[in-house]
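Chemist: dropping the sequence and predicted coords here.
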Amino acid sequence: MKALVRLTNTELLTWIQQTKSLADQGKVCDRIPQLALANPRWFAAHICCVSGQTYSLGDTACVFPLMSIIKSFSFLYLLENMGADAVLHWVGVEPSDTAFNSLDQLIADRGYPRNPMINSGAITIADKLPGKTASDRTHNLCQWLNKLAGCQLYLDEVMLASVRASRAAANQAIANYLAETKHIKNLEIALDTYEQICCLSGRVEDLASLGKLLACNNDSLSLQNRQIVNAVMLTCGLYEASAKFAVQIGLPMKSGIGGGLLAIVPNQGAIACYSPALDNIGNPVAAIAFVEALSKHLQLSIFS
């Protein structure tokens, strides 16, 4: 296995140019009006290594909401606060072969969310986060992550207003069913918390710093909890395409409809990308291709 630190900017620029054009095969999310304003050709990448070395290329000044990428870190936060036994009683770790907002999957599972990377699992996690109100919970999570990772996430109020104005009927139906089956206690707080934490925003550098928490041993996080989150990201982080990319890329990854993508290279570092054009599953097309090129060239797959 070659190391991330052996990369050169020339190599990175070549891969960015080769993969950036693939954005034409995707489409910016238009369900949320504020997301629809993104330029589909934007592309940014930031790589941070255990050694402290970093690489940063492209449209790195772009700020974007983490959206579903936050699911990995709300899951981690709850594991750290409540322990694995409690958290895995609330959500499972099984992959889903249906869409990330599938109500049918939840009904088939009798209200027990298949995993924390789909919306039913993330809304359940949001219901359990410490804090009396949705704003308290969002603030606590944001502060915890910023302190731990040294990043500068913040709640994008404009994005949140856009999300609230276009609340997905599927998410409302999921929350209703979770409440009916007693899997969440407070429907409105759970849903509001979920929407708020998805609007935590930053740059690719912030996202890579978050990823480094999962890539490296540190005194602040339980090794077991890191392993759980990485394993679930590998098998569930890219929704129905997770198994396909586990084979093709071989790294724990998480995407978000805001265009962000995070890949964990255990014991080496993290790769963060921003590319708002998505495929029909909800994964950023150019970012996936970029990480795949890196993984193959450097033999980064955890199965190498």
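Modeler: Nice, thanks for sending it over. Numbers count the residues shown, from 1 in each chain.

Chemist: grab the nearest non-local neighbour of residue 195.
Modeler: residue 163 (5.1 Å; CB to CB, 6 or more residues apart in numbering). For the C-beta atoms, the positions are set from N, CA and C on the backbone; glycine is no exception.

Chemist: who touches the closest residue to residue 222 other than its chain neighbours in this structure?
Modeler: Spatial nearest neighbour of residue 222, excluding adjacent residues (CB to CB, 6+ apart): residue 80 at 6.6 Å. The neighbours of residue 80, taking CB atoms under 8 Å, 6 or more residues apart in numbering as the test, are 221-222, 225.

Chemist: please, which helix or strand holds residue 80?
Modeler: With secondary structure defined by DSSP states H and E, residue 80 is part of helix 70-82.

Chemist: output the contacting helices and strands for the helix or strand that comes right after that helix.
Modeler: Next along the chain after helix 70-82, taking DSSP H and E as the criterion, comes helix 84-90. In this structure, helix 84-90 makes packing contacts with helix 70-82, helix 119-128, helix 223-236, judged by 3 or more CB pairs under 8 Å, 6 or more residues apart in numbering; DSSP states H and E.

Chemist: any chance of those helices in a markdown table, with distance to residue 110 and mean pLDDT too?
Modeler: Converted to a markdown table, the helices and strands packed on helix 84-90 look like this (distance: least, CB to CB, whole Å; pLDDT from 0 to 100):
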| stretch | distance to residue 110 | mean pLDDT |
| --- | --- | --- |
| helix 70-82 | 21 | 98 |
| helix 119-128 | 12 | 97 |
| helix 223-236 | 19 | 98 |
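
Chemist: out of the ones you listed, deepest packed?
Modeler: helix 119-128 (a mean of 26; mean count of other CB atoms under 10 Å).

Chemist: just the angle between it and helix 70-82, please?
Modeler: 40 degrees (axes from the mean of the first three to the mean of the last three CA atoms, to 10 degrees).

Chemist: not counting helix 119-128 itself, show me its contacts.
Modeler: Contacts of helix 119-128 (CB under 8 Å, 6+ apart): 68, 71, 74-75, 78, 82, 87, 90-92, 100-102, 105-106, 113-116, 137, 170-171, 174-175, 178, 183-186, 189-191, 193-194, 197.

Chemist: again, 6 Å this time
Modeler: Residues outside helix 119-128 that contact it (CB atoms under 6 Å, 6 or more residues apart in numbering): 71, 74-75, 78, 90-91, 100-101, 106, 113, 115-116, 171, 174-175, 183-184, 190, 193-194.

Chemist: which element follows it toward the C-terminus?
Modeler: helix 134-149.

Chemist: for the helix or strand following that next one, what is the average pLDDT?
Modeler: For helix 134-149, the following helix or strand on the C-terminal side (DSSP H and E) is strand 154-155. For strand 154-155, mean pLDDT rounds to 98.

Chemist: right, I'll leave it there.
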